[in-house]
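Enquirer: any chance you can model this:
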Amino acid sequence: QVHLVESGGGLVQAGGSLRLSCAASGHMFSSYAMGWFRQAPGKERELVARISWSGDSTDYADSVKGRFTISRDNAENTAYLQMNNLKPEDTAVYYCAARLRKIGLQFTGDYWGQGTQVTVSS
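Expert: So this is what the prediction gives:
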């Protein structure tokens, strides 16, 4: 079992930056691929970024490539999402997830945090 807690969300102006953190409890954290998802009002949840268990492999949605960076510190049981040059369309609730699985064309996770709100004003 893995318990996830996100932090770092908030209100920022367009062009600004935020760093989200996902603190995990449980000794299996370092074994799991991690992902950051987001869901805006009236929209489906989307995978923003994912990272392998070792941190050697990352992947990003086209909409955030070059602006967002996912990373992890397995010694600290924490994953991060550095978000730069934020845009109003990045406004959403951001969730971290552990133990990613692919079902069809979609990724999901077995463990989820409660989410943190990111609001980008224009």
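Enquirer: which stretch of helix or strand covers the residue nearest the centre of the chain?
Expert: In the chain, the centroid-proximal residue (Cα atoms, centre = their mean) is W36; its distance is 2.0 Å. Assigned by DSSP states H and E, W36 belongs to strand 34-39.
Enquirer: paired strands for that strand, with orientation please.
Expert: Strand 34-39 sits in its sheet next to strand 46-51 (antiparallel), strand 92-103 (antiparallel), going by DSSP bridges.
Enquirer: report the buried residues of the first one.
Expert: Pointing back at strand 46-51 there. 47-51 (16 or more other Cβ atoms under 10 Å). Glycine gets a C-beta too; all of them are placed from N, C-alpha and C.
Enquirer: equivalent analysis for the longest one, please.
Expert: For strand 92-103, a neighbour-count test (16+ other Cβ under 10 Å) marks 92-100 as buried.
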